[in-house]
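Colleague: sequence and predicted structure are below.
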Amino acid sequence: MKICAWNIRQGGSTRIKNIVETIFEHDADIVILTEFRIAKGNLIQSALLEKGWHYQITSNPEPKTNGIMIASKLPFEYEETIVPSVKQRWLEVKMKENGVTLLAVHVPTSGDKWDKRQFWDDVISFAEKRKNDMAIITGDFNTGLPEDAEGTPFVGSEYITLLKQMGWVDAWRLINGDKKEYTWYSNVGNGFRLDYSFITQDIAKKVSDVYHSHSEREMRYSDHSSLTVNFDD
């Protein structure tokens, strides 16, 4: 099972063609897009449907606001472990073939109209309920640890620390050790690793590879690099 998570920046706008072609190149079984928007989201959905991503769901964001889309070649069903405070930034499904629960998130920034700490409290509640299951939390965390930041880390680093203390595994660190890579850069050029995939102990042993793809960010298809996680069967 191959999962690719990517923040496509404000729905993709004029970059839809490049975004779709990039998704095709990665050819993941499951694609998670944050900052998905309804206005042009149907163009992405129809293109992926034609190429085999037959199972699709969105978080039903309001017009002109950011949401989440999951497109999969593998069947899934909608889940709701908890009722989140911000539904359009939260999308949970359960894979039918292997029983893995997948939570896609787009954590608000500290200056967002949504309450960032309340959202993180929801993530922690989910993590507590699912920590002994086969589960994944992935997406744009808008939060970074000191070792994953150039400059001041974002508000909420303690929540990532708490996930680790609960036994959740940072999939990228599992494979890449102490390596430094950043998935987003500030206006002054400071790098941050904001895009994560945390997994439970039960599936950590199945991880075969985890990597970022920076070319889409460098070519300005988005302001984020993508994150791909490969699991052995």
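Modeller: Now that the structure is in, tell me what you want to look at.
Colleague: pretty sure Arg15 is touching Ser222, no?
Modeller: Yes - counting by Cβ atoms under 8 Å, Arg15 does reach Ser222; the two are 7.2 Å apart. For glycine as for every other residue, the C-beta is placed from the backbone atoms N, C-alpha and C.
Colleague: quick check: neighbours shared by those two?
Modeller: Counting by Cβ atoms under 8 Å, 6 or more residues apart in numbering, the common neighbours of Arg15 and Ser222 are Ile8, Arg9.
Colleague: report the contact partners of the residue most central in space within the chain.
Modeller: For the chain, the residue sitting closest to the mean C-alpha position, by Cα atoms, centre = their mean, is Gly139 at 1.5 Å. Taking Cβ under 8 Å, 6+ apart as the criterion, Gly139 is in contact with Ala5, Asn7, Ile32, Thr34, Ile68, Ala104, Val105, His106, Val107, Asp195, Tyr196.
Colleague: quick one: which of the residues you listed is nearest Asp170?
Modeller: Nearest to Asp170 among the contacts of Gly139: Tyr196, at 6.5 Å, using Cβ to Cβ.
Colleague: tell me the SS of that closest one?
Modeller: Here Tyr196 is recorded as strand under DSSP: H, G, I helix; E, B strand; the rest coil.
Colleague: and it, how many neighbours?
Modeller: The tally of other residues near Tyr196 (other Cβ atoms under 10 Å) stands at 26.
Colleague: before we move on, the earlier item: Arg15 and Ser222: which is more packed in?
Modeller: Shown here are Arg15 and Ser222; by other Cβ under 10 Å, Ser222 has more neighbours (23 against 19).
Colleague: can you pull the pLDDT of that one?
Modeller: pLDDT for Ser222: 98.
Colleague: ok, Ala39 next?
Modeller: Per-residue confidence at Ala39 stands at 90 (pLDDT).
Colleague: I figured it hits Thr65, correct?
Modeller: No - here Ala39 does not reach Thr65: they are 10.1 Å apart, not a contact under Cβ under 8 Å.
Colleague: identify the contacts common to these two.
Modeller: Joint contacts of Ala39 and Thr65 (Cβ under 8 Å, 6+ apart) do not exist.
Colleague: could you look up the SS state of Gln118?
Modeller: helix.
Colleague: go on, Phe24?
Modeller: Secondary structure, three-state DSSP: Phe24 is helix.
Colleague: i'd like the first residue to be 38 from this point on
Modeller: That works, and once the first residue is 38, the last one we named lands at Phe61.
Colleague: neighbours of the nearest residue to it once chain neighbours are set aside, how many?
Modeller: Nearest non-adjacent residue to Phe61, counting by Cβ to Cβ, 6 or more residues apart in numbering: Lys88, 6.2 Å away. Using other Cβ under 10 Å, the number of residues around Lys88 comes to 13.
Colleague: okay, Lys88 and Asn103: tell me how far apart.
Modeller: Lys88 sits 24 Å away from Asn103, taking Cβ to Cβ, to the nearest Å as the criterion.
Colleague: repeat that for Trp90.
Modeller: Separation of Trp90 from Asn103 (Cβ to Cβ) stands at 20 Å.
Colleague: got a list of contacts for stretch 130-137?
Modeller: Looking at stretch 130-137 with Cβ under 8 Å, 6+ apart, the contacting residues turn out to be 38, 67, 94, 107, 109, 111-116, 138-139, 171-173, 240.
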